[in-house]
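**Student:** sharing a sequence plus its predicted fold:
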There are 4 protein chains.
Amino acid sequence: MIKIDPNDGTPIYLQIVRQIKYMIASGAIREDDELPPVRVLAQQLVINPNTVAKAYRELEFQGLIYTRPGAGTYVAKRRILFSDEERLRIIQEKIESLIVEAQNLNFTLEELAKIFNERLTKIYKQQTEEKGNERD
Amino acid sequence: MIKIDPNDGTPIYLQIVRQIKYMIASGAIREDDELPPVRVLAQQLVINPNTVAKAYRELEFQGLIYTRPGAGTYVAKRRILFSDEERLRIIQEKIESLIVEAQNLNFTLEELAKIFNERLTKIYKQQTEEKGNERD
Amino acid sequence: MIKIDPNDGTPIYLQIVRQIKYMIASGAIREDDELPPVRVLAQQLVINPNTVAKAYRELEFQGLIYTRPGAGTYVAKRRILFSDEERLRIIQEKIESLIVEAQNLNFTLEELAKIFNERLTKIYKQQTEEKGNERD
Amino acid sequence: MIKIDPNDGTPIYLQIVRQIKYMIASGAIREDDELPPVRVLAQQLVINPNTVAKAYRELEFQGLIYTRPGAGTYVAKRRILFSDEERLRIIQEKIESLIVEAQNLNFTLEELAKIFNERLTKIYKQQTEEKGNERD
DNA sequence: GTGGTCTAGACCACA
DNA sequence: GTGGTCTAGACCACG
């Protein structure tokens, strides 16, 4: 499920973090699902177990997973770990980066707004559909 | 218009390389346009001049810019232009990443849209004001 | 300044974390003060640099210090990183532990309250004195 | 009345050992008092019975408890009693640690006092109620 | 010279 | 068998 690109430039452990974040956000893995054991994932990706452990630690810090030592690693329940100021700070940083990149790529602000809001609407529809299905 | 994210994981000099590359490849800056001097950019971004110098060296090595010793640094002739599909693909990837981050921070899609559009509007106003001032 | 007890039972890196937390809380080290470099502290304590790095990473997680790669590690400005729910959860856990330990040690709740409030009052007086001195 | 803190850093079995030791050394439990069966305590603390068993083994090795096979586990004769100074020293160390934690989480001393005393009052009421019921 | 990443490999606590 | 800690030691990014 997870793929490492050694030439990516970003550290391996962050590549793992990013991909697991995607899986959690998209609902591909859910609360209390078990993640692959450190050693197993390390063997699959042909990297050192410590590197996987580091990725898991980072995710645990962000409140997305939890580990029960001796048992395994699991997807955590959604909860608000950081203060509102902190959450806002983090997301505004990312927004800032996105806008700058868009301008570097010669998009106007209007174009960016359009692409962004379209994507958001699409996801919104998907999620309301899923909720509808769950109710069935 | 370059933005550094210290938590990105990618080295600062590569963040600069990427962003300038995008500006060139998307036509945001053009042949023989002058890049900001190393020291000026370093001061703007609050980073070490060596780091900026390294980015410029890398870009020169890739043939995207050239330096005229004692004069300045300029965008080179040989340019690779992104297709519109390429530009769209890149920006959509970034948007995707922003949305994932927001969801894992427990922002709703509505909250994200609100924060994003507010920021965009603010920048839009700033830029139209600046243009107004330029005309004076 | 920092002392390691190999027979303590608690991991070395947590012993470091705890002691630095004390230094920060007591004002022994303050905002923007530099911590000893990883390698230096490791050599002093005769432990592996990675272990010190792990302690520093943990403190950075908790928002108590920040690192500028290539430069050094510094005491961070006080700020509220975690949500109120999270902060309350953490401190209530500790209070719970304290109360249980007190009962195990055959203190009555009244005795515990007395000892605790006396200690708190003492610190409170100290801190108001210090503020007074700073104003001079 | 044992409490496990998974984030403490010290192994669970040692947390149990320490707390039972305190109960014995402070007279909270006495010679020939029965300890809870391994399985019962494990269920209460939501941990593995092996972990409790290991703690009991360690306490037996230290001569603080003895087991009568098929019957139960009891507090041994040979007891080391803490002096009042010792008890006070231990609990003050814990209080110190709680205050440091609270300050680093940006609680004021007043807030800490309030949370602490509220919790204490609540437990006090519970315990007097229980005694009332016992009398019935 | 500073911190960051990664590997290889050992040992421990715990289920 | 699972995660956690620690060591030794290499290489890189950055100031």
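**Tutor:** Now that the structure is in, tell me what you want to look at.
**Student:** give me the element residue A:6 is part of.
**Tutor:** Counting by DSSP states H and E, no helix or strand carries residue A:6.
**Student:** list the contacts of it.
**Tutor:** residue A:12 (Cβ atoms under 8 Å, 6 or more residues apart in numbering or on different chains). For the C-beta atoms, the positions are set from N, CA and C on the backbone; glycine is no exception.
**Student:** what about it, distance to chain D?
**Tutor:** Residue A:6 is 35 Å from chain D, where distance means Cβ to the nearest Cβ, to the nearest Å.
**Student:** quick one, phi/psi of that residue?
**Tutor:** Per-residue torsions, residue A:6: phi -60, psi -20 (degrees, to the nearest 10).
**Student:** what's the burial count for residue A:96?
**Tutor:** For residue A:96, the neighbour count with other Cβ atoms under 10 Å in any protein chain shown is 14.
**Student:** kindly state the pLDDT recorded for the residue positioned nearest the centre of chain A?
**Tutor:** Closest residue to the average C-alpha location of chain A: residue A:21 at 1.8 Å, with Cα atoms, centre = their mean. With respect to pLDDT, residue A:21 scores 96.
**Student:** tell me the secondary structure for it?
**Tutor:** helix (DSSP: H, G, I helix; E, B strand; the rest coil).
**Student:** ok, it - contacts?
**Tutor:** Contacts of residue A:21 by Cβ under 8 Å, 6+ apart are A:59, A:64, B:100, B:101, B:104.
**Student:** one more time with 6 Å, if that's ok
**Tutor:** Shown in contact with residue A:21 (Cβ atoms under 6 Å, 6 or more residues apart in numbering or on different chains): B:100, B:104.
**Student:** again with the one 10 residues further on
**Tutor:** In this structure, residue A:31 makes contact with A:75, A:77, judged by Cβ under 6 Å, 6+ apart.
**Student:** again, only this time at 10 Å
**Tutor:** Applying Cβ atoms under 10 Å, 6 or more residues apart in numbering or on different chains, we find residue A:31 in contact with A:24, A:74, A:75, A:76, A:77, A:78.
**Student:** let me know the secondary structure of it.
**Tutor:** coil.
**Student:** on that earlier part again, and the gap between the residue nearest to the centre of chain A and residue B:103?
**Tutor:** 9 Å (Cβ to Cβ, to the nearest Å).
**Student:** shared neighbours, those two?
**Tutor:** Counting by Cβ under 10 Å, 6+ apart, nothing touches both residue A:21 and residue B:103.
**Student:** sketch out the helices for chain A, chain order is fine.
**Tutor:** A:12-25, A:38-45, A:49-61, A:84-104, A:109-135 (DSSP state H).
**Student:** ok and the fourth one relative to helix B:109-135, angle-wise?
**Tutor:** The one in question is helix A:84-104. 50 degrees (axes from the mean of the first three to the mean of the last three Cα atoms, to 10 degrees).
**Student:** close to chain D, is helix A:84-104?
**Tutor:** No - using Cβ under 10 Å from any Cβ of the partner chain, helix A:84-104 stays clear of chain D, with a minimum separation of 11.8 Å.
**Student:** mind listing what's buried along that helix?
**Tutor:** A:86-87, A:90-91, A:93-95, A:97-104 (16 or more other Cβ atoms under 10 Å in any protein chain shown).
**Student:** quick one: that helix to chain centroid distance?
**Tutor:** Here the centre of helix A:84-104 is set off from its chain's centre by 16 Å, with Cα atoms, centre = their mean, to the nearest Å.
**Student:** got the angle between that helix and helix B:12-25?
**Tutor:** Using the same axes, to 10 degrees, helix A:84-104 lies at 40 degrees relative to helix B:12-25.
**Student:** is helix A:84-104 up against chain C anywhere?
**Tutor:** Yes - judged by Cβ under 10 Å from any Cβ, helix A:84-104 comes into contact with chain C at A:84, A:85, A:86, A:87, A:89.
**Student:** the second one now?
**Tutor:** No - no part of helix A:38-45 sits close enough to chain C to count as contact by Cβ under 10 Å from any Cβ; the gap is at least 16.2 Å.
**Student:** same question for the third one.
**Tutor:** Yes - under the criterion of Cβ under 10 Å from any Cβ, helix A:49-61 makes contact with chain C via A:50, A:54, A:57, A:58, A:60, A:61.
**Student:** out of those, who's nearest chain B?
**Tutor:** Nearest to chain B, judged by Cβ to the nearest Cβ, of the residues of helix A:49-61 next to chain C is residue A:58 at 10.4 Å.
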